[in-house]
Each structure stands twice: as C-alpha cells, then as structure tokens.
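In: Here you go, sequence then predicted model.
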Amino acid sequence: MRIERTNDLEEILRCLPFEREIRKKGRETTRESDLLLFINSQLENPLFGFWVAYDEDEVIGYTIAMISLIPRAERLHLLRIYAKMEGLKEQFENILTDWAKEYKIKIVQMTATKHIKAFVRRYKWKVVSVNLERRI
C-alpha cells in the first residue's frame, strides 16, 4: 500500500465512486460537480491537499484537507477522509498531522451534520461551537 499527494485531476476522478457511495448513504448533500469544481480551483494552492491511497493500482481511500493561516483561526480543515481498509484512516491522520506541523498548526477542525455523538465517542472529537446559518 502507498499514499501519495496528488494534484492530478485524473487521479482525483478515480475517487468519484467513493463520493457517490457517500452521497447514496446520505452522508453528503453537496453536488458532486460542485465538489469537483472546488477541488479543481484549489489544485495549485499549496495550502490545499488531496492524498490518495493505493493497494497496487487500486484506489482504496483518499483524504482532502486545507490549511487556514488566518490569525487566531490557524487550523487544518479536514474536508474528507474515506478509508476502505482498517488502519488507513489513522495513516491519513498521521500524514495530515505532519503536514499541519510544517505550518505550526495545532488544531484540526471538521464540520459534521450527522452522527455528531458518534464522532465524539468513537473518534474523540470535541464539540467546540455550533454553526448557525440562514438563507439570504
């Protein structure tokens, strides 16, 4: 198994079946095309990262993250971790931790809309705020 950071759109597109699975299970509501447009717009941004895990030539997982260097809001924003095999999630987290340390980042943040208690219980996340929104 190997994990590689990529900005090759063809390699990123190989992850689409997993994105479709996530949407089919109701864990994501954004349109796939919107995600791809966003990723494509960020590929040259050094504070954006897309890593793909391979078993031989088969894609078995990926992670997407961004680093914010905004004063008092310096953090790693975890956008997605998809891991098809045991232990891969932890390997992705180690890669992201090392990447964040390069920028002296000490906080990782993610947004969840479902299964909040499971993230807290199973993955040791801590709820630190509530996001509110309204339509304009």
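Out: Structure's in. What do you need? Numbers count the residues shown, from 1 in each chain.
In: wait, isn't A83 in contact with A53?
Out: Yes. Counting by Cβ atoms under 8 Å, A83 does reach A53; the two are 7.3 Å apart. For every residue, glycine as well, the C-beta is placed using N, CA and C.
In: Between these two, which has more neighbouring residues?
Out: When A83 and A53 are compared on other Cβ atoms under 10 Å, the one with more neighbours turns out to be A53, at 24 against 18.
In: which SS class is the more buried one?
Out: strand (DSSP: H, G, I helix; E, B strand; the rest coil).
In: still on that earlier bit, can you pull the residues that touch both of A83 and A53?
Out: Common contacts of A83 and A53 (Cβ atoms under 8 Å, 6 or more residues apart in numbering): I60, G61, F92.
In: got the buried residues for stretch 37-45?
Out: I39, Q42 (16 or more other Cβ atoms under 10 Å).
In: For this structure, just list every one of the helices.
Out: Secondary structure of the chain by DSSP state H: the helices cover 9-13, 16-24, 32-42, 88-102, 116-123.
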